[in-house]
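*Asks:* can you look at this prediction? I've put the sequence above it.
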Amino acid sequence: MIEFGHETVQTCDGKSRREFLQIGAAGFLGLTLPELFASQKAMASTKIDNEMSVILVFLWGGPPHQDTFDMKPDGASEIKGLFKPINTNVSGIQICEHLPQLAKIADKYTIIRSATHDQTVHAQAAHYTLTGNKIAPGREAPNLAAVVNRFLPQKNALPESFHIGPRMYDTAGNGPIGQDGGFLGNVCAPFRVLDSTAPPDKLAALTPPTGMTGDRLNLRRELFKVVDGFQSRVESGDTKIYDAAYEKAFSLVTSPEAKKAFDLSKEPVKVRDRYGMTQFGQGLLMARRLIESGVRFVQVNWRAHPINDDVDRMGFDNHGDNFNRCKRQLPELDKSVSALIEDVYQRGMDKKTLVLVTGEFGRTPVNGSAGRDHWPFVYSYLITGAGIPGGRVIGASDARASYPAHTPVTPEDTYMEICRRMGMDVSLKLRESRIVKDSAGIPGLYA
């Protein structure tokens, strides 16, 4: 694994991310970061016309579908729970009373109420959701961000994909849950911003090493150009890719325009407040800014751990005290996600930006601890933008919210839909790489 952001994780050969890429270390602008860009460029597919971008909001822990987007007010008490449904601005569609802001904009998104798979453990379910593949012994599939890096061309100084928010974990033996490059290699792994509220000069990926002033950076660039002049006489296609990659690596740490994408202080206070002054809310705002700056894929993580006793760090793994926890969780989710969706539409980004809001699975009827346990066999998620008609529900769960009543939607279906909408070659290249499987995508999404 590789270091992007402030954390260090070991690679399969024992090297740390810092050693592997030397981001923020003395070797910066040597051969390491340019090699990253060069490798991504060399592996990228030919240029495509489709410019669709994606924001994936991952609700680690598995939010209860019965208490959010698939209310069962006529069900038994253990099924319907304690919350009441409210009407949305679309006739016939109701969601939870603790999601009033999302209820006001239901005309802008589609609810999938028949998502389904069979992975009951957080790590395996997250891997399936984030990669479109079940985890296999000794074979981790690549995160969608890595697939974007591998198969789509880089457009500017910014990397093509980012993860914002904490690196997720469950237990020591259950990771890395599809967050990295997988079998594509970690040269394709996304850049990571662990703290969305940190100023740009505190982000490792944007910070030159100590003592490396602007003059010294420019001198190093000039020296590179001198060497490049000799190299150009015997230049091959590979070295041309490397030259371009070096320039991108240089501009990432020197370009004011690149850094602006991370600088949330440029946003009006009213906008920042609308998203919520939390790690999650500001992470969604940063995601919108990165997409506007040309990034193709951003994943924003809800929390680091599926469950946590700290109120401000709770995942959705509410095996106990589900309703009191949800009363604290759902208002934050409602505020921040509704702000993102509204912003995407108000800024005219909705035709070229797909937003997916999902967890790794749903929950059971209420247990003896007033909680809900893991249940992957049916759950709900939101999808919007990308020209998708809003104000609709696709699929349904049965009366007990236990299984799809019709129109099941698997992780393969969702993954195929996203890859295809981003213009990736799902008929050949991604199939040959064993990244996508036979699927027609999400049924009726554009009907």
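*Replies:* Okay, I see it.

*Asks:* residue ranges in the stretch 201-350 of the chain under the pLDDT threshold?
*Replies:* In the predicted model, the stretch 201-350 of the chain carries pLDDT under 70 at residues 201-258.

*Asks:* that one: helices as residue ranges?
*Replies:* In the stretch 201-350 of the chain, the segments counted as helices under DSSP state H, counting those that start in this stretch are 214-231, 237-254, 256-260, 269-275, 279-292, 322-346.

*Asks:* please apply the same query to the stretch 1-150 of the chain.
*Replies:* Secondary structure of the stretch 1-150 of the chain by DSSP H, counting those that start in this stretch: the helices cover 17-21, 32-43, 77-80, 100-103, 122-131, 144-151.

*Asks:* tell me which residues are up against the fifth one.
*Replies:* Counting by Cβ atoms under 8 Å, 6 or more residues apart in numbering, the neighbours of helix 122-131 from elsewhere in the structure are 56, 58, 60-62, 117, 119, 133-135, 140-144, 168, 170-171, 174-175, 177-179, 182, 299, 306, 317, 358-361, 374, 376, 411, 414-415. (C-beta placed from N, C-alpha, C; glycine too.)

*Asks:* alpha carbons only: can I get it in CSV?
*Replies:* Once non-C-alpha atoms are left out, helix 122-131 reads as follows in CSV (Å, rounded to 0.1, in the frame of the first residue of the first chain):
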residue,chain,number,x,y,z
HIS,A,122,-18.5,-5.7,7.3
ALA,A,123,-15.1,-6.2,5.6
GLN,A,124,-16.3,-8.6,3.0
ALA,A,125,-19.5,-6.6,2.3
ALA,A,126,-17.6,-3.4,1.9
HIS,A,127,-15.1,-5.1,-0.4
TYR,A,128,-18.0,-6.3,-2.6
THR,A,129,-19.7,-2.9,-2.6
LEU,A,130,-16.6,-0.9,-3.4
THR,A,131,-15.1,-3.3,-6.0
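
*Asks:* list the contacts of Ala103.
*Replies:* Neighbours of Ala103 in contact, by Cβ under 8 Å, 6+ apart: Ile86, Asn87, Thr88, Asn89, Ile95.

*Asks:* try it again at 10 Å.
*Replies:* Taking Cβ atoms under 10 Å, 6 or more residues apart in numbering, we find Ala103 in contact with 85-90, 93-97, 334, 338.

*Asks:* burial measure for Asp398, as a count.
*Replies:* Neighbour count for Asp398, taken as other Cβ atoms under 10 Å: 13.

*Asks:* measure it to Gly362 for me?
*Replies:* 13 Å (Cβ to Cβ, to the nearest Å).

*Asks:* name the residues contacting each of the two.
*Replies:* By Cβ under 10 Å, 6+ apart, the residues touching both Asp398 and Gly362 are Val378.

*Asks:* per-residue confidence at Gln94?
*Replies:* pLDDT recorded at Gln94 is 98.

*Asks:* what about it, neighbour count?
*Replies:* Gln94: 17 neighbours (other Cβ under 10 Å).

*Asks:* report the contact partners of the residue nearest to it when sequence neighbours are not counted.
*Replies:* Among residues not flanking Gln94 along the chain, Pro85 sits closest, at 3.9 Å (Cβ to Cβ, 6 or more residues apart in numbering). By Cβ under 10 Å, 6+ apart, Pro85 lies in contact with Asp70, Met71, Lys72, Pro73, Ile93, Gln94, Ile95, Cys96, Glu97, Leu99, Ala103.

*Asks:* mind exporting stretch 324-335 as CSV, just the C-alpha atoms?
*Replies:* C-alpha atoms of stretch 324-335 as CSV (Å, rounded to 0.1, in the frame of the first residue of the first chain):
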residue,chain,number,x,y,z
ASN,A,324,-31.0,6.8,20.0
ARG,A,325,-27.9,6.5,17.9
CYS,A,326,-29.8,7.2,14.7
LYS,A,327,-31.3,10.3,16.3
ARG,A,328,-27.7,11.7,16.4
GLN,A,329,-26.5,10.1,13.1
LEU,A,330,-29.3,10.8,10.7
PRO,A,331,-29.5,14.6,11.1
GLU,A,332,-25.8,14.9,10.2
LEU,A,333,-26.3,12.6,7.2
ASP,A,334,-29.4,14.5,6.2
LYS,A,335,-27.8,17.9,6.4
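
*Asks:* still on that earlier bit, what about the residue nearest to Gln94, distance to Asp70?
*Replies:* Pro85 is 10 Å from Asp70, where distance means Cβ to Cβ.

*Asks:* find residues that contact each of these two.
*Replies:* What both Pro85 and Asp70 touch, as defined by Cβ under 10 Å, 6+ apart, is the set Gln94, Ile95, Cys96.

*Asks:* looking at those, which is nearest Ala261?
*Replies:* Ile95 (32.3 Å; Cβ to Cβ).

*Asks:* which residues are in contact with Arg420?
*Replies:* So Arg420 contacts Asn50, Met52, Val426, Ser427, Leu430, Val436, Ser439, Ala440, Gly441 (Cβ under 10 Å, 6+ apart).

*Asks:* the same query, at a cut-off of 8 Å, please.
*Replies:* Arg420 touches Val426, Gly441, counting by Cβ under 8 Å, 6+ apart.

*Asks:* how near is it to Ala396?
*Replies:* 25 Å.
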